[in-house]
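*Asks:* quick check, what structure comes out for this input:
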Amino acid sequence: MMVAVVLITAVIALAFSFTNGMNDAANCIASVVATKALPPKLAVFWAAFWIFMALFIFDTTVAATMGKGIVDENCIDVYVILAALLGSVLYIFFCTKMGLPVSASHALVGGLIGPVWFVYGGQYLITSGIFKIVAFIFISPLIGMFMGFMLNCLIMFIFQKVNVKKVDKSFRRLQLVSSAAFSLGFGGNDGQKTMGVIAILFATAFASNPDNPVLQFLYGNGATAAQAAGFTGFYVPMWLKITCYGLIALGTVTGGWSVIRTLSEGLSKLFPTQGFCAEASGAITLIMTAVLGIPVSTTHTITGSIIGTGLTRGVKSVKWITAKNIVWAWILTIPAVIVVSGVIYLIMVHWFGCPVKTL
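*Replies:* Numbers count the residues shown, from 1 in each chain. As a prediction, the model looks like this:
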């Protein structure tokens with residue numbers, strides 16, 4: 001019975017990865033769509049390809065943070081993760097329908113905190129890891145904003161005497177490169193978040209049921225072989241990496257079109273040079289944090305970058321009402337999902353009799 005619940009939870013986690021791609025598709029293609037560098041349908045396939053390519057470039061540092069850097073792993077069992085995923089999926093689905101570009105990664109962070117905090121207490125939260133993630137709610141968009149503004153100013157200075165149409169034509173082509181780089185960073189960051197949760201789910205289940213053939217096939221055989229080869233890091237099976245990257249790419253192809261419209265049209269009118277600057281600055285931020293193992297929000301990063309490029313035309317060029325609504329969605333995400341997932345876990349424990357681990 002427990003193994004069946006583990007498998008169902010893993011499937012829900014994979015569904016979360018798909019919805020993550022749907023909501024965050026806007027982050028990868030908002031600029032190229034806004035500047036008409038690519039038509040929307042071709043843009044999502046372009047982004048999806050480079051998201052999947054991140055599989056072959058990045059290590060699983062972000063996955064390790066998600067799996068072991070937010071709550072005490074001794075508290076984690078299948079029911080904690082199930083509640084975390086249900087709370088996150090419900091919140092993201094609601095926000096996608098509302099056209100709000102929220103952070104799927106922060107929803108998942110809040111989802112993990114809620115059950116542990118509500119039942120085990122705050123002493124089982126890893127405050128250093130949570131503080132780092134919360135800090136980057138503000139740091140990543142500020143980095144994107146600063147870099148987007150400075151890069152755009154530099155390009156404006158270099159090409160100030162060049163014909164505007166020639167500049168636009170050149171940077172419309174260069175946007176293919178910047179969009180690909182941003183999609184790689186997106187894959188290296190968001191593509192790993194769900195796989196970290198699923199990996200710790202299988203590791204916990206296998207530790208308590210080492211003789212189960214299903215868990216041996218999905219996790220145990222590979223983990224044992226990795227240990228025998230001298231691997232001491234956070235183990236993620238290759239099939240899980242391929243599946244998670246594939247599903248987030250598929251979700252990107254499906255696309256959350258209301259969110260794409262919010263970012264491509266709702267913040268600031270973009271020209272090809274500004275689209276390039278927004279994507280390039282966002283890509284640098286995402287790749288840097290993926291290498292460092294910091295699960296940042298691609299939504300926050302690209303939003304800050306778009307605002308930064310818009311500011312080169314003056315404060316009034318940014319639609320601050322839209323920006324305000326987005327920022328409020330950022331601030332509320334983790335607390336809202338903490339409550340939703342925590343309540344779901346309490347219901348599971350008190351109404352459905354799900355067991356609580358004795359620590």
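
*Asks:* helices of the stretch 1-150 of the chain, residue ranges please.
*Replies:* For the stretch 1-150 of the chain, the helices defined by DSSP state H, counting those that start in this stretch cover 2-34, 40-53, 61-68, 78-98, 104-119, 127-158.

*Asks:* in the last one, what counts as buried?
*Replies:* Same thing as helix 127-158. Neighbour-count burial for helix 127-158, counted by 16 or more other Cβ atoms under 10 Å, picks out 129-130, 132-133, 136-137, 139-141, 143-145, 147-149, 151-152, 155. Bear in mind the C-beta positions are built from the backbone N, C-alpha and C, glycine included.

*Asks:* deepest of the helices of the stretch 1-150 of the chain, which one?
*Replies:* helix 104-119 (a mean of 27; mean count of other Cβ atoms under 10 Å).

*Asks:* for that one, list the C-alpha coordinates in PDB.
*Replies:* Once non-C-alpha atoms are left out, helix 104-119 reads as follows in PDB (Å, rounded to 0.1, in the frame of the first residue of the first chain):
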ATOM      1  CA  ALA A 104       6.500  27.500  -9.100                       C
ATOM      2  CA  SER A 105       9.700  26.900  -7.200                       C
ATOM      3  CA  HIS A 106       8.600  29.100  -4.300                       C
ATOM      4  CA  ALA A 107       5.300  27.400  -4.300                       C
ATOM      5  CA  LEU A 108       7.100  24.100  -3.800                       C
ATOM      6  CA  VAL A 109       9.300  25.600  -1.100                       C
ATOM      7  CA  GLY A 110       6.100  26.800   0.700                       C
ATOM      8  CA  GLY A 111       4.600  23.400   0.100                       C
ATOM      9  CA  LEU A 112       7.400  21.600   1.900                       C
ATOM     10  CA  ILE A 113       7.500  24.100   4.800                       C
ATOM     11  CA  GLY A 114       3.800  23.900   5.600                       C
ATOM     12  CA  PRO A 115       3.400  20.200   6.600                       C
ATOM     13  CA  VAL A 116       6.600  20.100   8.600                       C
ATOM     14  CA  TRP A 117       5.900  23.400  10.400                       C
ATOM     15  CA  PHE A 118       2.300  22.600  11.200                       C
ATOM     16  CA  VAL A 119       3.000  19.100  12.600                       C
END
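
*Asks:* as JSON lines, the helices of the stretch 1-150 of the chain with mean pLDDT would be great.
*Replies:* Formatted as JSON lines, the helices of the stretch 1-150 of the chain follow (pLDDT from 0 to 100):
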{"stretch": "helix 2-34", "mean pLDDT": "80"}
{"stretch": "helix 40-53", "mean pLDDT": "87"}
{"stretch": "helix 61-68", "mean pLDDT": "86"}
{"stretch": "helix 78-98", "mean pLDDT": "84"}
{"stretch": "helix 104-119", "mean pLDDT": "90"}
{"stretch": "helix 127-158", "mean pLDDT": "87"}
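
*Asks:* which one of these lies closest to G308?
*Replies:* G308 lies closest to helix 127-158 among the helices of the stretch 1-150 of the chain, at 3.1 Å (Cβ to Cβ).

*Asks:* check which helices and strands that closest one sits against.
*Replies:* helix 104-119, helix 272-292, helix 298-310, helix 320-350 (3 or more Cβ pairs under 8 Å, 6 or more residues apart in numbering; DSSP states H and E).

*Asks:* and the angle from the helix or strand that that helix is followed by to helix 78-98?
*Replies:* Remark: after helix 127-158, the chain's next helix or strand is helix 164-208, criterion DSSP states H and E. On the basis of axes from the mean of the first three to the mean of the last three Cα atoms, to 10 degrees, helix 164-208 is oriented at 160 degrees to helix 78-98.

*Asks:* got the contact list for the following helix or strand past helix 164-208?
*Replies:* Counting by DSSP H and E, the next helix or strand C-terminal to helix 164-208 is helix 213-215. Applying Cβ atoms under 8 Å, 6 or more residues apart in numbering, the contact partners of helix 213-215 are V3, V6, L7, F202, A205, F206, N209.

*Asks:* how about the contacts made by the closest residue to the fifth one other than its chain neighbours?
*Replies:* The reference is to A205. Leaving aside its sequence neighbours, A205 sits nearest to V6 (Cβ to Cβ, 6 or more residues apart in numbering; 4.7 Å). V6 makes contacts with V78, L201, F202, A205, L215, as judged by Cβ under 8 Å, 6+ apart.

*Asks:* quick one: contacts for the nearest residue in space to C28 that is not next to it in sequence?
*Replies:* Of all residues not flanking C28 in the chain, A47 sits nearest, at 3.8 Å (Cβ to Cβ, 6+ apart). The neighbours of A47, taking Cβ under 8 Å, 6+ apart as the test, are A25, C28, I29, S179, S183, F186, T252.

*Asks:* distance of the last one relative to A107?
*Replies:* According to Cβ to Cβ, to the nearest Å, T252 stands 17 Å off from A107.

*Asks:* turn the helices of the stretch 1-150 of the chain into JSON lines, including distance to G310.
*Replies:* JSON lines is the format used below for the helices of the stretch 1-150 of the chain (distance: least, Cβ to Cβ, whole Å):
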{"stretch": "helix 2-34", "distance to G310": "11"}
{"stretch": "helix 40-53", "distance to G310": "20"}
{"stretch": "helix 61-68", "distance to G310": "29"}
{"stretch": "helix 78-98", "distance to G310": "23"}
{"stretch": "helix 104-119", "distance to G310": "24"}
{"stretch": "helix 127-158", "distance to G310": "8"}
